[in-house]
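Visitor: Build me a model from this:
(chains A, B and C)
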Amino acid sequence: MSKRKRGSTEPEMRSARKGVRRWLYYHPQGLGRTAFLFHRVTGLGLTAYFVVHVLSVGTILSGEDAWEMFLEIVETPVGWYGELLLLAAIGFHFANGVRLILGEFGLTLDKPTRPDYPFKTGSFNLAQKSLLVLAFVVAALFVLLGYLFIFLEL
Amino acid sequence: MLHYATGVLIVVFGAVHLATHSFLGVEGYAGSLQYLSVIGRYRTALFAFTLEALLVTIAYHGLNGTRMILLEFRQGERWNMAVNWLLVAVGILVVAYGTRTVLGAYLWG
Amino acid sequence: MVEKITLKILRSIPSKGVKPTVEKYSVPVFKGMTVLDSLLYVKGHLDHSVSFRYSCRMGNCGSCSMVVNGSPRLTCQTQISELGTKEVEVRPLENFPVIRDLVSDYDEFYDKHREVKPYLIRRDKTEEEHPTSEYLQSREELDKYIQFALCIKCGQCFHACPITSTDIRYLGPQALSQAYRYLTDSRDQDNHERIEAVNTRNGCWGCHLAESCSEACPKGVDPSLGIQLLRRMVLGSGHKKRQKG
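Guide: Prediction:
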């Protein structure tokens, strides 16, 4: 047996990786990849919001004055539009999350077949694609409802 | 697995939270945020329970998601331990602070 | 008049410290010319130092995987006319260390493939080494895994995967779909070793269903489908998730 070097070293592997930049650009940018990026970004954003929300809502314990001061900061046009953005993120993360749960347990996916050209992607079939489109629709719907509720006081 | 379970739970609790927030003895959006109506809501058991449940499930789901992403960035025992403990600490702090709010408003609000 | 295209090649020699630079070559095009043909033209007529890997020229060996105009392609299966551009840019695959020019280092990729034990495992170890007869299999049994058995280890899913691009321990779409391919094979009797190998955070639980691998695959293998089905199988097997690095 010749003494061939086997396996890349860790720095070699690391140097070949472009890291997070590869989340952002990839060609061809499939819909699944976009959903992946959106899901991560909304997830991180919602977690950050959650922490801030928990900390700020705690002012209610300090009595009515503190609460009113908190409301003055939040209840501004910027705050309302922020709330719409929040609803969009929640709507997308929720509906896409349902799609991912179904898909990641192998539900809604096609059965393996003998592939023939042009290849169909059984893991990103019509069911999964429509669920993904639905996720965007749900996000839009959440924003619409939020708009009606917040701005028109329905 | 818990990540999926909490994901589903959040949907349930989140829906109840929104519903109680919007319809529990308030009029309109502006009314829903007034001090007395907020405190009043905190004192209903359903609202307080949902809030506490949401607090724990979102804290787990959100921080576990963050952990997954962070663990993908770098590999190594030390990094794993640092990320895990940091996020556990953040989780405990957030849940403790939130529980203080919920319990405080529910019991003495 | 002969039509010409500009072939842009990203060249580098990391071991000698030669930084990546794009070099341009003017290549005459003939009908049916593939990107690999144009690379061979450059090597034959313009610059013999251009390095790239290829073998079968018929899309069966998977060694000529490169990034053509931004998308991962088997260069021997990609005609220049189908790209529809006057400039064709060729780069080595990402997520692989570059050895020289368009030749990338597949060691890590194959090591991860080896990690999922990509061979038939029999309960009877002496029989595994000295089989006494053929293992018979019905057509239906073959159909269960044939899609994943078409993998040619070209590395394009590895290039495409967003998890692989940050996580160097993640096994990757190729290895995981191959694990599923052997686990569903009716001739394979292992139900422990291989599941143990993939039942980790870096194994089948590292996938987040971005579908990039399946989109990249030139053979219709659909690695993503394999990984999701693998998860269900691992979950059904009742193995506890292994906590490892």
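
Visitor: Ramachandran angles for C:Met66?
Guide: For C:Met66, the backbone dihedrals (degrees, to the nearest 10) come out as phi -150, psi 170.

Visitor: For it, give the beta-bridge partners.
Guide: Beta-bridge pairing of C:Met66 under DSSP bridges involves C:Arg73.

Visitor: So it is in contact with C:Val90, correct?
Guide: Yes. Between C:Met66 and C:Val90 there is a contact at 5.3 Å, judged by C-beta atoms under 8 Å. For every residue, glycine as well, the C-beta is placed using N, CA and C.

Visitor: The residue in chain B that chain C sits nearest to in helix, strand or coil?
Guide: Closest contact between chain B and chain C, by C-beta to the nearest C-beta, is at B:Glu72 (4.2 Å). What DSSP: H, G, I helix; E, B strand; the rest coil gives for B:Glu72 is helix.

Visitor: got any ranges where the chain has weak pLDDT?
Guide: Here I'm looking at chain A. In the predicted model, chain A carries pLDDT under 70 at residues A:1-7, A:29, A:153-154.

Visitor: wrong one, I was asking about chain C
Guide: For chain C (pLDDT under 70), the answer is C:1, C:240-245.

Visitor: Quick one: the strands in it, in order.
Guide: Taking DSSP state E to define them, one finds strands in chain C at C:4-13, C:18-28, C:65-68, C:71-74, C:87-91, C:98-100, C:103-104.

Visitor: Tell me the residues that contact both of C:Met66 and C:Val90, please.
Guide: C:Val35, C:Thr75, C:Leu102 (C-beta atoms under 8 Å, 6 or more residues apart in numbering or on different chains).

Visitor: hang on, the earlier thing: look at the residue of chain B closest to chain C and say how many residues are nearby.
Guide: 23 (other C-beta atoms under 10 Å in any protein chain shown).

Visitor: again with B:Leu36
Guide: 10.

Visitor: can you tell me how far it sits from chain A?
Guide: 8 Å (C-beta to the nearest C-beta, to the nearest Å).

Visitor: List the residues that contact that residue.
Guide: With contact set as C-beta under 8 Å, 6+ apart, B:Leu36 has no partners.

Visitor: Point me to the helix or strand that includes the residue in chain A that chain B sits nearest to.
Guide: Chain B sits closest to A:Thr47 of chain A, with a gap of 3.4 Å, by C-beta to the nearest C-beta. Using DSSP states H and E, A:Thr47 maps to helix A:31-57.

Visitor: Could you see whether chain C lies near that helix?
Guide: Yes. Helix A:31-57 is in contact with chain C by C-beta under 8 Å from any C-beta of the partner chain, via A:Leu31, A:Gly32, A:Arg33, A:Ala35, A:Phe36, A:His39.

Visitor: Give me the residues contacting whatever helix or strand comes next after that helix.
Guide: Note on helix A:31-57: by DSSP H and E, the next helix or strand toward the C-terminus is helix A:64-74. The contact list for helix A:64-74 (C-beta under 8 Å, 6+ apart) reads A:Ser56, A:Thr59, A:Ile60, A:Gly79, B:Leu33, B:Tyr35, B:Val38.

Visitor: can I get those residues in TSV with neighbour count?
Guide: Formatted as TSV, these follow (neighbours: other C-beta atoms under 10 Å in any protein chain shown):
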residue	neighbour count
A:Ser56	12
A:Thr59	16
A:Ile60	19
A:Gly79	13
B:Leu33	16
B:Tyr35	16
B:Val38	21
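
Visitor: Next up, the contacts around the closest residue to the residue of chain A closest to chain B other than its chain neighbours.
Guide: Spatial nearest neighbour of A:Thr47, excluding adjacent residues (C-beta to C-beta, 6 or more residues apart in numbering or on different chains): B:Gly62 at 3.4 Å. Contact analysis of B:Gly62 by C-beta under 8 Å, 6+ apart lists A:Gly43, A:Leu46, A:Thr47, A:Phe50.

Visitor: quick one: contacts for the last one?
Guide: This points to A:Phe50. Per C-beta under 8 Å, 6+ apart, neighbours of A:Phe50: B:Ile58, B:Ala59, B:Gly62, B:Val94.

Visitor: List phi and psi for the residue nearest the centre of chain C.
Guide: Of all residues in chain C, the one closest to the mean position by C-alpha atoms, centre = their mean is C:Gly155, 2.2 Å from it. Main-chain torsions, C:Gly155, degrees, to the nearest 10: phi 90, psi 10.

Visitor: from memory it sits against C:Cys64, does it?
Guide: No. Using C-beta under 8 Å, C:Gly155 is not in contact with C:Cys64; the gap is 10.7 Å.

Visitor: Now do the helix or strand encompassing B:Leu87 against helix A:31-57, angle only.
Guide: Assigned by DSSP H and E, B:Leu87 belongs to helix B:77-108. When axes from the mean of the first three to the mean of the last three C-alpha atoms, to 10 degrees is applied, the directions of helix B:77-108 and helix A:31-57 differ by 50 degrees.

Visitor: what is the mean pLDDT for helix B:77-108?
Guide: Mean pLDDT, computed over helix B:77-108, is 92.

Visitor: so the spatially most central residue of chain B is in which element?
Guide: For chain B, the residue sitting closest to the mean C-alpha position, by C-alpha atoms, centre = their mean, is B:Leu55 at 2.0 Å. Element membership of B:Leu55 [criterion: DSSP H and E] is helix B:45-73.

Visitor: Over that helix, what's the mean pLDDT, rounded is fine.
Guide: Mean predicted confidence for helix B:45-73 is 91.

Visitor: And that helix, what's buried?
Guide: Under the neighbour-count criterion of 16 or more other C-beta atoms under 10 Å in any protein chain shown, helix B:45-73 has B:47-48, B:50-72 buried.

Visitor: Quick check: A:His53 vs C:Phe158, distance?
Guide: 40 Å (C-beta to C-beta, to the nearest Å).

Visitor: Actually, C:Ser177.
Guide: With C-beta to C-beta as the criterion, C:Ser177 and C:Phe158 are 11 Å apart.

Visitor: Then A:Leu61?
Guide: From A:Leu61 to C:Phe158 the distance is 53 Å (C-beta to C-beta).

Visitor: And those two? Which one has more around it.
Guide: C:Phe158 (31 against 18).

Visitor: burial of the residue lying closest to that one once chain neighbours are set aside, as a residue count?
Guide: The shortest distance from C:Phe158 to any non-neighbouring residue, by C-beta to C-beta, 6+ apart, is to C:Gly172 (5.0 Å). Residues near C:Gly172, counting by other C-beta under 10 Å, number 29.
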